[in-house]
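[1] coords please:
(chains A and B)
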Amino acid sequence: MQEEFIKLREKWLSSIPKITNDKELENIFLKIFGASGEFNLLIKKMKNLPSEKKPLIGQLANKIKSELKNMLELQKNALTRLKLDESIDVTAPGITPPIGHLHIITQAIEEISQIFEKIGFSRISYPEVEWEWFAFESLNMPQDHPARDDFETFYIEAKPSTKYGKMVLSPHTSSGQVREMERVGGKPPIRMINIAKCYRPNWDVSHTPMFHQFEGLLIDKGINITHLKGTMDYFAKEFFGEKRITRLRPFHFQFTEPSFEVDINCGICLGTGKLENGEKCRFCKEGWLELGGSGMVHPQVLRAGKIDPYEYTGFAFGWGIERTYMMKSGTKLDDIRLLYTNDIRFLEQF
Amino acid sequence: MNILIPDSWLREYLKTDASPEEIKKCLSLCGPSIERVEKIKSDYIYHIEITSNRPDMASVLGIAKEAVAILPRFGIKAKLILSDIEKTSKLTIKPEKELPLKVEIKNEKLCSRFTAIILSDVIIKTSPDLIKDRLEKSGIRAINNVVDISNYLMKLFGQPVHTFDYDKIKGAVMILRESRIGESITTLDNKTFTLTNEDIVIEDKSGRLIDLCGIMGGKNSEVDANTKRVLLFVQTYDPVRIRKTSMRLGQRTEAATLFEKNLDPENVLPTLFYGIYLFKELAGAKPAGKIIDIYPYPYKPKTISIKTDFINERIGIKLSTDEIISILKSLNFNLNFQHEIKNTIVINIPSNRSKDIKIKEDIVEEVARLYGYHKLPSNLPAGQIPLAKKQTILSLEQKIKTTLKYWGFTEVYNYSFISKTLIEKAGLNPADHLKIANPLTAEMEYMRTSLIPSILENVRCNQYLKKSLALFELSKIYSRKTDDLPKEESRLVLTCQSDFFSLKGIITSLFSELGITDVKENIVETWQFGHPKQSLILKKSEEVIAYIASLHPQIATNFEIKDKLFIAEVYFETMASYFQPIKKYHPLPLFPPVIEDLTLIINNETKIGPVIKEMYKQFVTKIEFLGKYKNTITLRVTYQNPEKNLSSEEIKTLREKIISSLEAKFKIKLKN
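    Residues are numbered from 1 along each chain as shown, chains lettered A, B, ... in the order given. Next comes the predicted model:
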C-alpha cells in the first residue's frame, strides 16, 4: 500500500512540471483526484488494510495529497506567468464588420420624424400619384392657378375622374392635408407628419424632378400663430442646435392664411451677419437663412376636409428635405442632382 | 418676382428718417422681403421680393405705401408725399385737335380696362439724367424719352404701359381680340411667334397684328426715331391668358409678370395721367384726342366685418381695439367701428387690395404682420395628442434599412421615373406602366412598376468603381389600375455580387429578425429577372413574400453587367403584415441538449432544403448545414427534450428514425 502511494507520488511529481496548458492541467487533476481518480482508488483500497496500519498510511496519503495539490497549484501559476510572454501585433489592422451606407435622405427623414414624434406628430403617408382635387382644388388652388400649368406639375395619361379631375404626380406633400382630415372624419385633433416623394418638372443644379418634402399639419381647438411659432422654434433647436431661433416673415400661399416664410438664424454668425473677425458672413443672407413656408390652415381647406373653421384652426408647413438637410450639415452640394445619380463614391461618403 | 427700387426715388414719395438698413429690416419683418440693400455711390438699391398676391407693392409707390404703414410700428416717423401724382391726375385734357382712333373690344373678358390717348408733336430725344439714373438703378436700360417714359411709369406705378407709333396703326383702328390658331406676330425684339387661339392681340384696319397684348408690342407699330405721334396705351388684361401666352412663348417680360398677377384697374388712370404729364415734360407732346377709357365693370368697394376677438384668437395675444384700428387705418382701409355689435369692425377694402383681401383671415394677417410676427410669443401647442394608428410599414422601413446597412448594403435612391428603353431592357411591357403626359425627357416618361431595372442601372454604372457591390433600394412602385389611382406599394430590392447563399441568408435573417416564421420556399423557373435554374420564391401563407435569384443571363447581357449578380425582391408590405414585434417567451430548458454531426451520402440531384425539412422530428430542435463535400453533406443536429435528459439509447432511436425516413424519401444513407 505504502509503495503504491509512493509510486503515485513519484509518477506525478515528475510529470506535473511538464504540463504546458490549462486544459491538460485540469485533466491531470481529475485523473488523480477525480471521483474515480488514481488517488481515490488507492484511498478506497485502504479499507482492506488491517486497522493498525491505517493511521500510518493515512498520514502518508494526506502528505502526498497536499504535496501533489500544491505542485498542481504551482504549475498553474507558472502557466499563468508564461501567458504573459505571449504577444500579438496589436498594430495590425482590425477585421471590420461589413458596413454599408444609408442615403442621406433616409438619414434626414429619420431625424426629422423623430423630432416631431416627440411632440405627438405621427408619420403617415398619402398617395404620390394623386387626383387634382387633393393636390389643388381642396387646397384653394383653382383651375387657372399657375402651379397647375403643365410646366409646373406632371400629369398622368389617364382617364380623369369625374369627381376629382386629372391624375397628377403630387407636386407637394400638402395633397395629404385634406386626406388626413378625411381620415379623422372631420374630427380633430390632428398631428400629422407626412414625408414623401414629390414631383415637379424642374431639372437644374438646384432642382430635381423628384424630391422629398415633409409636411406637418396640426389642427385643434384654439390653435393660433404663437403655436406655429413655438413648433418652428422647437424644431429649429432640436434639428439645428440650441442656439438657433426662427423668425416668421409675411409670405403668400394659397392654402394658408396668414402665410409665413420661416427663417432660421445662421449657424455660422448666429444671426449677426458678421463673423468674429468682422468680415461679412458669406453663408447666410445677413444673418438669416430661409427654411421654408408655413401658415395657418386656410378656412377653405378646412371646409374641403369637412372641418368647421369656426370650431377648429390649425397650422401647416411643408419643407424640402434636401434643402433642410443641406442647411444643417453644411453639405454644400454644388449640384443637387448628385443625390439621385447613385454614384457609389458619393453614397459611401455618408 | 423680384424688383429693384432705388432709395433716392423711394424717398421722393416717402418722407422718413429711417436709414436704408432700417427700411430693409422693418419692411422684411412686416411686409415685402428686402433681400439686400446695395450701395451705389451715394444711393442705395433695394432688392425686393414681391409675393404673387401683392402686385400692388411691385412699384416705388407701392413700397412707399407699405413703408408708411410699417415704419411707425418701429417708432420711426414716415409720411407719404403724393402731391405730384395728385396734381397730374387733376389735369384737364384739352386737345387742340382730335385725331381719330376707333377701338373695338371683341370680348370684354380679355381686357378689364382699356385706356389710351393720342399725343402729338413728340420730340424723340434722350431722357434727362434723373430719369436715366432711376431707370438704370432699377435694372432697366435707358433708350430714349418715349421708351423711358413707359418704363418709368411701370416702375413708379407697377402698371405696364405701351406706346405705339400712332401713324403706323393702319386706318386708326384697333381691334382687341383672341388670337387665331396659326397667326403670327413679330414683336419689338424681332422674334416671330406663331399663336394659338388663347392669346390676346390687337389688329389694325389692314388686319395686321400690331400688339401681343400684355407681353410685347408689335415690331410693325413701334416708335422709332421719326415718330411724331404716339399712342400712350395703359390696360389691364385677363391675367390667366397673359401667363399662358408668356409661358408658352417663353417671353417672360416684366410687363407679363405684372399683368399675370391681376393688376388693379383703378391704378390705370393715374398711370395714364402721369404719362401725359411726363410726355409733356420730356417730349414736348400734346394730347391730340380725348382719353379713351373702356371700363365695363368699375370696382365696387367690398366690406369685411370682423370682431376684434376673432383677430385676437387667431393671433394668440390680446391686442386692444384701438391698436387694431390704428393698424388697419395705416393700411388705408376705411373703417366703421360698431361698439354696439360686440366690437365689430366693418372694413372697406380699397381696390388695390381687393384681390388679396377677401376673408376675415386676410384681415388677421394684416393686423398680425403689422403688429409684428417677431413680437409674438412662441408656445408649443397644448391639447390632446391624437392616438394615431401607426403605419407599420413606415416604422419598419427605418429598422430594415439600418439592419441592411450593418450587413454591408448601401442604399440607393432612384427616380420613380423610368424610360421606355429601360423597361424593355428589363423585359417588361411599357403598356403596364403609368405614362406621364408631360415628361421632362424620354428618360422620365413612365412610373416604375419594379425597382429592379433602376438598380441594375446602378450596378452597371458602378461596376468598375467598386468590387463586390451590395446595394439596396426601398421605395414605392406604381401599378396601374383601371379608372383609379395606381396601387402604390413598397418594395425592397437587394443586389450583391458575392454568392446566392449570402443573399439568401440576408433575406432569411431579415425574416427571423422580424419574427416571421414558417416561410415556405420553392424553386421557381418563371421569375422573369431570375436565372430559370437559380431562382427561389418565398411564400408565407400562400402570399409571395420574396424572390431570390441569380440574375437572368439575358438581362445581365441587356444591362451590360459583367460579373455575376444576385438579386432579391422583397414584397415589403406583405412582409410587414407578418411582422411580429412581440417575441414570445419560452421557458429556459432545464436539461442540456445533445448535439451531433451527421454526414450523409446523397445523390447529386437531391435538394438539400427538403432534406433538412424532413429531418425535423420530435425532439429535433435545430439542423445546421455545415457543408457539402463530393457526394456527402454534413449536418449538425440538436436534440432536446424539455422534460428530461435524453439517454444515448433515446438518441440512437431518434437518429435511426431520421435516417430511415431520409432513406425512404431520398435514398440517403448515413456515412459509416
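
[2] Just want the most central residue of chain A.
    A:Glu110 (6.3 Å; CA atoms, centre = their mean).

[3] Tell me which residue of chain A lies closest to chain B.
    A:Pro98 (2.8 Å; CB to the nearest CB). Just so you know, the C-beta spots here come from the backbone N, C-alpha and C atoms, and that holds for glycine as well.

[4] that's a helix at that residue, yeah?
    No: under DSSP: H, G, I helix; E, B strand; the rest coil, A:Pro98 falls outside any helix and is assigned coil.

[5] How about the residues of the stretch 201-350 of chain B by chain A?
    B:240, B:243-244, B:247, B:260, B:313-317 (CB under 8 Å from any CB of the partner chain).

[6] Which of those residues ranks first by neighbour count?
    B:Glu260 (26 neighbours; other CB atoms under 10 Å in any protein chain shown).

[7] Tell me which residues touch that residue, please.
    A:146, B:214, B:239-240, B:242-243, B:246 (CB atoms under 8 Å, 6 or more residues apart in numbering or on different chains).

[8] Filter those down to the ones in helices?
    B:239-240, B:242-243, B:246 (DSSP state H).

[9] residues contacting the nearest residue to the residue of chain A closest to chain B once chain neighbours are set aside?
    Counting by CB to CB, 6 or more residues apart in numbering or on different chains, A:Pro98 lies nearest to B:Gly408, which is 2.8 Å off, once chain neighbours are set aside. Listed by CB under 8 Å, 6+ apart, the contact partners of B:Gly408 are A:97-100, B:470.

[10] rewinding a little: just give me the closest of the ones in helices among the contacts of B:Glu260 to chain A.
    B:Val240 (4.2 Å).

[11] Correct me if wrong: the closest one contacts A:Asp144.
    Yes: counting by CB atoms under 8 Å, A:Asp144 is a contact partner of B:Val240 at 4.2 Å.

[12] where's the residue of chain B found nearest chain A relative to B:Leu471, distance?
    Among the residues of chain B, B:Gly408 lies closest to chain A, at 2.8 Å counting by CB to the nearest CB. Per CB to CB, to the nearest Å, B:Gly408 is found 10 Å from B:Leu471.

[13] Then A:Pro127?
    A:Pro127 sits 27 Å away from B:Leu471, taking CB to CB as the criterion.

[14] Compare neighbour counts for these two and give me the winner.
    Counted by other CB under 10 Å, A:Pro127 and B:Leu471 do not tie: B:Leu471 has more neighbours, with 24 against 21.

[15] Is the more buried one in a helix, a strand, or coil?
    Per three-state DSSP, B:Leu471 ends up strand.

[16] Spit out the contact partners of it.
    B:409-412, B:455, B:458-459, B:462, B:494-496.

[17] Work out the gap between stretch B:389-399 and the centre of the chain.
    Here the centre of stretch B:389-399 is set off from its chain's centre by 26 Å, with CA atoms, centre = their mean, to the nearest Å.

[18] For that stretch, buried residues please.
    Using 16 or more other CB atoms under 10 Å in any protein chain shown as the test for burial, stretch B:389-399 gives B:393-394, B:396-398.

[19] Could you do stretch B:442-460 as well?
    B:444-460.

[20] burial of the residue of chain A closest to chain B, as a residue count?
    Close neighbours of A:Pro98, defined as other CB under 10 Å, add up to 13.

[21] B:Ile507 versus that one, what's the distance?
    16 Å.

[22] Next: B:Leu99.
    For B:Leu99 relative to B:Ile507 (CB to CB), the value is 86 Å.

[23] Tell me which of the two has more neighbours.
    Comparing B:Leu99 with B:Ile507 by neighbour count (other CB under 10 Å), the higher total belongs to B:Ile507, at 23 against 16.

[24] can you map out the helices along the stretch 51-200 of chain B?
    B:60-70, B:83-89, B:129-137, B:145-157 (DSSP state H, counting those that start in this stretch).

[25] Now tabulate those in a markdown table and tack on mean pLDDT and distance to chain A.
    Putting the helices of the stretch 51-200 of chain B into a markdown table (pLDDT from 0 to 100; distance: least, CB to the nearest CB, whole Å) gives the following:
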| stretch | mean pLDDT | distance to chain A |
| --- | --- | --- |
| helix B:60-70 | 97 | 10 |
| helix B:83-89 | 89 | 26 |
| helix B:129-137 | 97 | 21 |
| helix B:145-157 | 97 | 21 |
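
[26] Switch those helices over to a markdown table; also include mean neighbour count.
    Shown next, in a markdown table, are the helices of the stretch 51-200 of chain B (neighbours: other CB atoms under 10 Å in any protein chain shown):
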| stretch | mean neighbour count |
| --- | --- |
| helix B:60-70 | 24 |
| helix B:83-89 | 13 |
| helix B:129-137 | 17 |
| helix B:145-157 | 24 |
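
[27] Those into CSV, with extra columns for distance to B:Thr402?
    Shown next, in CSV, are the helices of the stretch 51-200 of chain B (distance: least, CB to CB, whole Å):
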stretch, distance to B:Thr402
helix B:60-70, 50
helix B:83-89, 66
helix B:129-137, 56
helix B:145-157, 57
